[in-house]
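K.L.:
Whatever this is, show me its structure:
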Amino acid sequence: MKYECVHGDINQQTEIEAIVNAANAKLQTGGGVAGAIHRAAGPELEKATRSLAPIKPGEAVITEAFDLPNKYVIHCLGPVYGSDEPSDKLLADCYKNALDLTEKHKVESIAFPAISTGAFGYPFEEATDLAIKTVKAHVEKLSHLKMIRFVLFSDSDFAYYQQALNN
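P.N.:
You can find the predicted model right below:
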């Protein structure tokens with residue numbers, strides 16, 4: 001398994017088959033990652049998600065990527081820190097369920113943002129450590145996935161993720 005950490009925009013991961021959307025429960029255009037993905041994918045993405053919503057914290061669903069350079073968007077609803085409990089289990093479930101969808105759809109590469117760390121208030125370092133630990137443990141159960149990329153937008157988030165991924 002190849003792991004990467006890149007500094008950039010999740011919408012610009014041209015060689016990645018599936019990107020992960022840090023979605024809201026209604027799977028609609030929102031702020032942050034969800035808003036950026038919906039704007040880049042075009043209005044067809046929101047139409048495609050209507051029948052799949054609402055989802056609960058920890059759940060993941062998959063759609064086409066439409067105007068994005070990817071084949072799929074995997075929509076995960078991360079927990080709101082301090083509200084959706086147990087937040088660590090729900091956040092881990094986001095990553096596991098997204099990975100399980102890659103197996104089901106024979107996806108070979110996936111890119112994750114830092115789920116729940118923005119408006120949902122999950123402490124960044126704690127979320128990062130949990131994400132990496134969960135992904136590395138769960139990926140052993142998969143046969144199709146060959147590459148996992150973590151995409152971070154800010155310099156400080158990228159630096160922390162890169163260090164955590166290499167430990």
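
K.L.:
any idea how far G78 is from S87?
P.N.:
For S87, the distance to G78 equals 9 Å [Cβ to Cβ, to the nearest Å]. No exception for glycine: its C-beta is placed from N, CA and C like everyone else's.

K.L.:
Residues that sit against both of these two, list them.
P.N.:
Common contact partners of S87 and G78 (Cβ atoms under 8 Å, 6 or more residues apart in numbering): S116, Y122.

K.L.:
Show me which of the two is the more surrounded one.
P.N.:
Applying other Cβ atoms under 10 Å to S87 and G78 shows that G78 carries more neighbours, namely 27 against 24.

K.L.:
okay, which residue is most central for the chain?
P.N.:
The centre of the chain sits closest to V20, judged by Cα atoms, centre = their mean, with a distance of 3.3 Å.

K.L.:
which residues of the protein fall in helices?
P.N.:
For the chain, the helices defined by DSSP state H occupy 32-41, 43-49, 87-104, 124-138, 155-165.

K.L.:
a markdown table for those helices, including distance to F112?
P.N.:
Shown next, in a markdown table, are those (distance: least, Cβ to Cβ, whole Å):
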| stretch | distance to F112 |
| --- | --- |
| helix 32-41 | 10 |
| helix 43-49 | 18 |
| helix 87-104 | 7 |
| helix 124-138 | 7 |
| helix 155-165 | 10 |
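
K.L.:
Can you say which of those helices is nearest to Q13?
P.N.:
Closest to Q13 of the helices of the chain, according to Cβ to Cβ: helix 32-41, at 10.9 Å.

K.L.:
list the buried ones in the helix or strand of the chain with the lowest mean pLDDT?
P.N.:
Ranking every helix and strand in the chain by mean pLDDT, DSSP states H and E puts helix 32-41 at the bottom, with a mean of 91. Neighbour-count burial for helix 32-41, counted by 16 or more other Cβ atoms under 10 Å, picks out G32, V33, A34, A36, I37, H38, A40, A41.

K.L.:
that older thread, tell me the contacts of the residue nearest to the centre of the chain?
P.N.:
With Cβ under 8 Å, 6+ apart, V20 has these contacts: I10, V73, I74, H75, C76, A98, I110, A111, F112, P113, I115.

K.L.:
Show me the beta-bridge partners of it.
P.N.:
V20 has the following beta-bridge partners by DSSP bridges: I74.

K.L.:
That one and N70: what is the separation?
P.N.:
Look at V20 and N70: by Cβ to Cβ, they are 10 Å apart.
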